[in-house]
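>>> build me a model from this:
(3 chains)
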Amino acid sequence: MADVALSSPPRAAHSRGAMAWAYVRGHVWFVIAAVVVGAYVFAAAFAPFVAPFAPTEQDMMSFMAPPAWGAHLLGTDSFGQDLLSRTIYGARYALLIGLGAVAIGAGGGLVIGLAAGLIGGRVEWALMRLVDSLLALPSLIMAIAFISILGQGVDKVVLAVGVALIGPFSRTVRGDVLQVKAQPFVEAARLMGVGTLAIVWRHIIPNVIFPLAVQATIRVSYAILVSSGLSFIGIGVTPPTPDWGLMIAEGRSFVSFAPWIAGVPGAALAVLLIALSVVGDGVREQFDPKLRKEG
Amino acid sequence: MALALARPASAQPETPSAAPAPAPLLTVARLSLSRGEKLILDEVSFTLKRGATLGLVGESGAGKSTIALALIGLLQKPQVGLEGSMALDGSANLVDATEKDWLKLRGRRVSMIFQDASSALNPCFTVGSQLMSPLRRLLGMGPKDARSRAIELLESVGLNDASSRLDAYPHQLSGGMQQRVMIAIALATNPELLLADEPTSALDVTIQAQIVRLILDETQKRGASCIFVLHDLALASQACDEIVVLYGGQVMEAGPSDVLLAEPLHPYTLGLKACVLELDTEELTPLPSGAPSFASRTPGCRFAPRCGNALPKCVDEKPPLETVRGRKLACWNPAA
Amino acid sequence: MAWFVSKKILQTLLVLLIVSIASFSLLKFAPGDPVQLMLGSEYSAEAHASLVKQLGLDRPIAEQYVRWLAGFLSGDWGTSFVSKAPIFRYAFLEALPVTLTLAASALGLAIVIGVPLGVLSATRKDTGWDAAVATLTLTGTSFPSFYLGILLIWLFGVQLGWFPTLGFVAPWDDLWGGIVHMTLPAITLSTYFLAMIVRLTRANLIEQLEQPYVAAARARGEPRWRVVWVHGLRNVMLPLVTILGLQLGALLQGAVLTETVFSLPGVGQMMTSAVLNREYGVVQAGVMMTACLFVLTNLLVDLAYPFLDPRLRPR
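Predicted coordinates for the structure are as follows:
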């Protein structure tokens, strides 16, 4: 896999450390973005220790305080809640919702894609028309429709966004299955009398899972964008959950005199999305199935 | 105005012997091209008379297509790493030409036929628009004149039903027809020099000869000179008056094609001839894969590592290009 | 050709059929009893039974679907029980034009700016300019549009006071007012597409400029600008239009978010308040309109292929 790397590190690297350094130098932005994402994960995991306040703790002495050196570094919102703390806790929700939705989307896509690609015939045709219909609706609109049935809440958002992501995942899984099925080694295994289930388990699934994981990495940022969008338009997560989309929506009303209320969580969201997409691009560049084929 | 640049096709009287030999149309002297560590052309020199046909012959990587691209100013980074001189009759040294200078030459005095006509024609434009573009922009013809001239041109390159072909897209024509269209485009403005870069290598064997014949006939009719880039020595000797044999960006041997084919002196030319005549590649051991490319700088003859006649000197010192028995030869230890 | 067209149209109709079944079942799956919701305070067992009969809710489900579909196609989309107005008028005649205006202005802006930027960075490949554009496009494709909208409101609306920050003025009523009110929303929504168009144009044009026909065009004396802007760009149209068609969903979804930022009374606002009011008929209308728009545009893109690339035309 290492020989797939597009920009090969300088050959002078001898020791492990030197090689690592050469890699870092060749992929500066990727490394920076990965560190940023790592910081978000850390903040999310250890939010109670990192954040100075509880996310819903109201400071009755300071409403809409601007960012300043003191108790509330990044200011407070209209309820007197500490923005820094809420933003740190928000990372928790963003990452959980993003990962959860992608897990549902990838899982559903795997099932539909495998079924379509392996069974073939009418089942495949019917499933793919179903996927076409799933793809006919933008994820956000579909999620809105699901939310209208399911109701609001973190779990509902995960489910709604997850289901909305099944379409694209199914399509790639099916494509990969068809491609692997056509490979000579599958034919060879079949000729040697290996059973269908064994072929699926040993040859097809491993070859499908990997590109699926790469695609899932790329989709996490999209899932976060859609879910925070849902909260932003007011039908996703409910207050007082410290969700960035919700916080930005709240801050929108005060943008003329307290721009930090929307500014702080918005910056956190934007930085995370940019970092995730740099990481996603890097991962895709390294492991793109198209590049892999030739390697 | 633009027409004045081109020579009238028929008014080319053979001057009596008393007159001094006419200046050659093209003079290339010690032309080198380096790209970083690589030396792609190494002091290539040759001349081309008006109305004559010259063949650049060698394997892929010998630098023959590079020379053609240099002669029309289409190297990737035109000015970088190009040294020496190349000049059309009356022009300044084209090695120093800017893009602006080239715009006055391309299509007007020099034009080019490419290897694979199917990719050298823009798939999104009709044959007619690509053929009429030089007529309209370089010769200043109106739309009607350009169209009737274009029909004449297509007929002259042997395309029947020419007027309906004008409105066809390239993919609607066969490979041979596409190459005929390319020839028509290249000749549309009556250039003095036509560069033909392996014009038949993408075509069926059966029509290769027709296309070469067509290029020769049409350039002769116009009194233009032609440079063929070929890898086939036999084809080159039939089509060309003169042949330049290249290897690794160096001229190995150059001279009249009958002389070269009858009595090749350079071991490489001999190998090429043997290769052609007997389909026997034993004399020319194939390059081991992954071997240092042609272009890495070596002090001696590029062909030395593959040469059966090589002396120790061949690796260390480059043989000069000298006149030997009616041709130019660069070899320390010629065959025969 | 006829075969290709009819196959595409049939496929499109099939997808729309499935979508219509899905959005019909939206009403059936929706929690709560719509009849009860419609009756509100006038609820009684008799009124309930008679309304069920009147609405045909006692019929077999397939019949209900066919009736619903027939009603939908004839413009009978039901009545909003919040505003008591026909949903068709509200959704199709009032909300949809707002969303389409926003989407079209954003897309137009993105194309007009994005294509030239893409061409310039393709011809200046590997320069500082190219690197700067690449950084901007990366940021542009991943920046959340609704946050960008708020930043623009803060900068151009609050700090500089150049543009109004809320509301919609129909450009067909008041052209200047419409343009002024649409400027910030259009910029907000266009950013993602602008970045994507730059990326696509750059990548595809670089590929095209390496094609032999480019060298051939230059060899016959075409100036470099013409080779790039005419020969190269013409060949970039096909991939560009294809991706834009596929990204229409992203455009509509971005429009929903942008409408909320700038309080534009479009489909997004309509669906949001419908979800909050549990007006499933309106959600349904939004779903159907979006799906039709997406699927029909992609049908148009498919049908446009032969015009974009002569090689795809029948011989």
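>>> where does the prediction get shaky in chain B?
Flagging of chain B using pLDDT under 70 yields the residue ranges B:1-21, B:77-79, B:275-297, B:336.
>>> strands of that one, start to end?
Counting by DSSP state E, chain B has strands at residues B:26-35, B:38-48, B:53-57, B:82-88, B:110-113, B:193-197, B:225-230, B:242-247, B:250-256, B:322-324, B:327-329.
>>> adding mean neighbour count and distance to residue C:19, write those strands out as TSV.
Using the backbone N, CA and C atoms, a C-beta is placed for each residue, glycine as well. Output for those, formatted as TSV (neighbours: other C-beta atoms under 10 Å in any protein chain shown; distance: least, C-beta to C-beta, whole Å):
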stretch	mean neighbour count	distance to residue C:19
strand B:26-35	19	57
strand B:38-48	21	59
strand B:53-57	27	63
strand B:82-88	18	62
strand B:110-113	28	54
strand B:193-197	25	55
strand B:225-230	26	59
strand B:242-247	27	65
strand B:250-256	24	69
strand B:322-324	11	82
strand B:327-329	21	77
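>>> work out for me the element residue C:107 sits within.
Assigned by DSSP states H and E, residue C:107 belongs to helix C:96-123.
>>> hmm, back to that, quick one: closest of the strands of chain B to chain A.
Put simply, out of those the one that sits nearest chain A is strand B:38-48, at 18.4 Å, with distance taken as C-beta to the nearest C-beta.
>>> so what touches that closest one?
Contact with strand B:38-48 is made by B:24-34, B:54, B:63, B:66-67, B:70, B:84, B:193, B:225, B:227, B:242, B:244, B:246, B:248-251, B:254, B:293, B:295-297, B:302, B:318, B:321, as judged by C-beta atoms under 8 Å, 6 or more residues apart in numbering or on different chains.
>>> which residues of the chain score low on pLDDT?
Let's take chain A. Low-confidence segments of chain A (pLDDT under 70): A:1-14, A:288-295.
>>> my question was about chain C
Checking chain C against pLDDT under 70 turns up C:1, C:37, C:314-315.
>>> and the helices in the chain, which stretches?
Picked chain A for this. Along chain A, counting by DSSP state H, helices occupy A:16-26, A:28-45, A:47-50, A:83-119, A:121-135, A:139-150, A:154-164, A:166-181, A:184-191, A:196-199, A:205-232, A:244-252, A:260-287, A:289-294.
>>> ah, no, chain B please
Using DSSP H, helices in chain B cover B:64-71, B:99-105, B:117-120, B:127-139, B:143-156, B:162-166, B:175-187, B:205-222, B:233-239, B:257-262, B:267-278, B:312-316.
>>> how about the third one and chain C, touching?
Pointing back at helix B:117-120 there. Yes - interface with chain C: helix B:117-120 contributes B:119-120 (C-beta under 8 Å from any C-beta of the partner chain).
>>> got the buried residues for that helix?
Going by neighbour count (16 or more other C-beta atoms under 10 Å in any protein chain shown), the buried part of helix B:117-120 is B:117-120.
>>> next: the fourth one.
Of the residues in helix B:127-139, those buried by neighbour count under the rule 16+ other C-beta under 10 Å are B:127-139.
>>> still on that earlier bit, chain A next: which of the contacts of strand B:38-48 are close?
Okay, of those, nothing touches chain A (C-beta under 8 Å from any C-beta).
>>> residues near the residue of the stretch 51-200 of chain A found nearest chain B, how many?
Nearest residue of the stretch 51-200 of chain A to chain B, counting by C-beta to the nearest C-beta: residue A:184, 24.6 Å away. Per other C-beta atoms under 10 Å in any protein chain shown, the neighbour tally for residue A:184 reads 7.
>>> residues contacting residue A:58?
Residue A:58 makes contact with A:79-81, according to C-beta under 8 Å, 6+ apart.
>>> on that earlier part again, pick the most buried one from the helices of chain B.
helix B:175-187 (a mean of 25; mean count of other C-beta atoms under 10 Å in any protein chain shown).
>>> what residues does the stretch 201-315 of chain C have near chain A?
Proximity of the stretch 201-315 of chain C to chain A, by C-beta under 8 Å from any C-beta, involves residues C:249-250, C:252-253, C:256-257, C:260-261, C:268, C:271-272, C:274-276, C:278, C:280, C:283, C:286-287, C:290-291, C:294-295.
>>> in the stretch 151-300 of chain C, what residue comes closest to chain B?
residue C:221 (2.7 Å).
>>> what's that residue in contact with, if anything?
Residues in contact with residue C:221, defined by C-beta under 8 Å, 6+ apart, are B:103, B:106-108, B:111, B:134, B:137-138, B:189.
>>> pick out whichever of the residues you listed sits closest to chain A.
Chain A has its nearest neighbour among the contacts of residue C:221 in residue B:106, at 35.6 Å by C-beta to the nearest C-beta.
>>> how many other residues sit next to residue 216?
Using chain A. Other residues near residue A:216 number 22, with proximity taken as other C-beta under 10 Å.
>>> switch to chain C, please.
Count around residue C:216 with other C-beta under 10 Å applied: 27.
>>> that one - that's part of a helix, no?
Yes - counting by DSSP: H, G, I helix; E, B strand; the rest coil, residue C:216 is part of a helix.
>>> only the buried residues of stretch A:163-181, if you could.
Buried-residue list, stretch A:163-181, by 16+ other C-beta under 10 Å: A:163-177, A:180-181.
>>> just stretch C:65-76 next, same as before
Neighbour counts over stretch C:65-76 (16+ other C-beta under 10 Å) mark C:65, C:68, C:72 as buried.
>>> quick one: the helix or strand harbouring the first one to chain centroid distance?
Using DSSP H and E, residue C:65 sits within helix C:61-73. The gap between the average C-alpha position of helix C:61-73 and the chain average comes to 26 Å, counting by C-alpha atoms, centre = their mean, to the nearest Å.
>>> which other residues reach the next helix or strand after that helix?
Following helix C:61-73 in sequence order, the next helix or strand is helix C:87-88 (DSSP H and E). Contacts with helix C:87-88, where a contact means C-beta under 8 Å, 6+ apart, come from C:75-80, C:281-282, C:285.
>>> adding distance to chain C and neighbour count, write the contacts of residue A:58 out as JSON lines.
As requested, those are exported to JSON lines (distance: C-beta to the nearest C-beta, whole Å; neighbours: other C-beta atoms under 10 Å in any protein chain shown):
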{"residue": "A:79", "distance to chain C": "19", "neighbour count": "16"}
{"residue": "A:80", "distance to chain C": "21", "neighbour count": "16"}
{"residue": "A:81", "distance to chain C": "19", "neighbour count": "23"}
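>>> just send those back as JSON lines, with distance to residue A:255 too.
Converted to JSON lines, the contacts of residue A:58 look like this (distance: C-beta to C-beta, whole Å):
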{"residue": "A:79", "distance to residue A:255": "17"}
{"residue": "A:80", "distance to residue A:255": "19"}
{"residue": "A:81", "distance to residue A:255": "18"}
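>>> list just the nearest of the residues you listed to residue C:174.
residue A:79 (39.4 Å; C-beta to C-beta).
>>> what sits against the closest one?
Residue A:79 is in contact with A:58, A:63, A:240, counting by C-beta under 8 Å, 6+ apart.
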